[in-house]
Structure formats: C-alpha cells, structure tokens
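# sequence plus predicted model, see below.
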Amino acid sequence: MRNIFIAGNWKMNKDASQTQQFCTQLESHLQERDFGRVKAIVAPVHPFLAAAEGILRSAGVAAQDVSAHPQGAFTGEVSASQLASLGISHCIIGHSERRQYHGESDELVREKLLRLRENRIIPIVCIGETLLQREDGQTREVVLAQLEGCFEGVELASGEEVLIAYEPVWAIGTGKTATSAQAQEVHAEIRAWLKERYGEELAQKMHILYGGSAKPENIGELLEQPDIDGGLIGGASLQIESFCAMLDIALQNGGN
Ligand code: PGA
C-alpha cells in the first residue's frame, strides 16, 4: 500500500523565525498521534533548511531546487551533496515556476534528478500542462513528453523512491483546482506510463502527488482518487492550521 504525502512547497515565503515557529508547531501536531501512512514534508527556502531539519523529527524536509552540477564554480547554486550533508530527505525539481522563469528544460531536470539519486535524496519531479495545451487537447502528450525527457535513460531499482507531482500550470496559485476526475485521469496516464517504462510492480509502488490550488476544502476528494497519493501544496501550506487540517483529512482518508 502506498503512503499519502502532504508536502508543503513554501516557495519564497517565510523568514527564519516563521520557519522555526511553523516547524515547531508541526512537530507537536505530528507527535499528537500516529499518522501511519500519512507523511508530512515541508520545503522551506535553502537558508532555513538546516533549522527546519533540526526541529522536524516526524516530517521530511525538502529543498525547492538543486544544482545540476556536482560542485564547483556555480555562484548561487546549491549541490545535491551539500543538501545530503544536511540530512535533507527530498528535493523538488522541475517546478513550473523554475521552468517558466528560469527556462528549465526536461534535460536539465533529468540532470538534477541524477544528482539527487547519486546523493540518496528523493526527487519530487514536477510536470504539468499549461492552459493553452489543455485547451488544445494536448495534456496527455505534454505530460508524457515531460516524463520521457525527465526520465530518459534513468533506470530505477525496485524500492528506489522518486515522487512525481502532477501540477497543471493553470491551477497553480490561481484558485482553479483541477477537478478530482481531471486530476485522476492524468494520474492514471502517468501510472500507465510508469508501468510501461518500469513494470507493474514499480508503477504500483510509485507515488504521484497532485498540485495546484489544493487546500483543506478539496484535498479529501482528491485523495479519494485511486492514483492520487498526496498533494504538493503551495498557498494552503503556509498556514499551520490549514497544513495540519490537510494532514488530518489525509489520515481520515485511510492513512492508517
Ligand atoms: P498552489 O501551488 O497550491 O499555491 O497552487 C502549488 C505548487 O506550486 O506546488
């Protein structure tokens, strides 16, 4: 049985003390009961990863990005081995904001994926179509092409974790959530691709998260879908109350 991930992508929000306060409150919420298969992850900005990692015992800490280079003269970049030396468990790559504002390609995302695996950090690979692509009926084609590009030549050993986040670009930060049926349709396509590529066993084990205006009001319905294994949540992950509410809903949804 797969886990259910509630992953908060904080983007460029929260200062040092807000990060510390959120993590302290989250840790105490997670200590209150057994969350079973429900796994919490938060992704603060790079400078506060160590503080988050120091506080959180019951949740994973993710970076929001990583360099494609192993080390060297790359001013402003942070390598996978540096993240690993902090004990960081996960890292988001290929987020649509990186693709849109920093011109990141599937090839670059693939390089980042390889660096993370070399350092035993679990990648959270983001893919998703734009509104124009959806309206043109290209959703499946776009999403599968992104998967092909990001995973080209990447072999996965059984038991090795890579999370995929399906995030339709038109639903990110817009308040427009994909309906649970729209999301499930794409998640099922992704799992079918994984099956074809890596075999039934691995495809059934892999986690596919939904992202795009997920919040306490809709996370339950999304999680009821057979191929949705959690959420990558931006706006609604910033308030401790709504983040904890989503964890509780996930738990009620069969997390135990
Ligand atoms: P949102 O962001 O929940 O604010 O739409 C999701 C994401 O970008 O990961």
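That came through fine.

# so where is this protein shaky, pLDDT-wise?
255-256 (pLDDT under 70).

# got the contact list for the residue of the chain at minimum distance from the ligand?
Nearest residue of the chain to the ligand: residue 234, at 2.4 Å (CB to the nearest ligand atom). (C-beta placed from N, C-alpha, C; glycine too.) Contact partners of residue 234, counting by CB atoms under 8 Å, 6 or more residues apart in numbering, are 8, 9, 10, 11, 172, 173, 211.

# now distance to residue 151, secondary structure and neighbour count too, for those, in TSV please.
Shown next, in TSV, are the contacts of residue 234 (distance: CB to CB, whole Å; DSSP: H, G, I helix; E, B strand; the rest coil; neighbours: other CB atoms under 10 Å):
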residue	distance to residue 151	secondary structure	neighbour count
8	25	strand	28
9	21	strand	27
10	26	coil	22
11	25	coil	18
172	22	coil	21
173	26	coil	13
211	19	strand	27
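
# among those residues, which one lies nearest to residue 31?
Set against residue 31, the nearest of the contacts of residue 234 by CB to CB is residue 8 (17.8 Å).

# identify the bridge partners of the closest one.
Legend: beta-bridge partners of residue 8 under DSSP bridges are residue 42, residue 233.

# wasn't residue 100 part of a strand?
No. Counting by DSSP: H, G, I helix; E, B strand; the rest coil, residue 100 is located in no strand; its state is helix.

# in contact with it, which residues are there?
residue 169.

# thinking again about what came up before, so what does the residue of the chain closest to the ligand have for phi and psi?
Backbone torsions of residue 234, given as degrees, to the nearest 10, read phi -90, psi -100.

# returning to that earlier point: filter the contacts of residue 234 down to the ones close to the ligand.
Contacts with the ligand within the contacts of residue 234, counted by CB under 6 Å from any ligand atom: 9, 172, 173, 211.

# Three-state assignment for the residue lying farthest from the centre of the chain, please.
Largest separation from the mean C-alpha position in the chain: residue 73, at 28.3 Å (CA atoms, centre = their mean). At residue 73, secondary structure determined by three-state DSSP is coil.

# cool, residue 125 as well?
Using three-state DSSP, the structure places residue 125 in strand.

# just checking, it touches residue 91?
No. The pair residue 125 / residue 91 is not scored as a contact, 9.8 Å apart, by CB atoms under 8 Å.

# give the buried residues for the lengthiest helix in the chain.
Identified as the longest helix of the chain according to DSSP state H is helix 180-198. Using 16 or more other CB atoms under 10 Å as the test for burial, helix 180-198 gives 180, 183, 184, 186, 187, 189, 190, 191, 193, 194, 198.

# same thing with stretch 61-81?
Neighbour-count burial for stretch 61-81, counted by 16+ other CB under 10 Å, picks out 61, 62, 63, 64, 65, 66, 67, 68, 78, 79, 80.

# I'd like those residues as CSV, with distance to residue 129 and secondary structure appended.
Formatted as CSV, the buried residues of stretch 61-81 follow (distance: CB to CB, whole Å; DSSP: H, G, I helix; E, B strand; the rest coil):
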residue, distance to residue 129, secondary structure
61, 29, strand
62, 23, strand
63, 25, strand
64, 21, coil
65, 21, coil
66, 24, coil
67, 27, coil
68, 24, coil
78, 29, coil
79, 30, coil
80, 28, helix
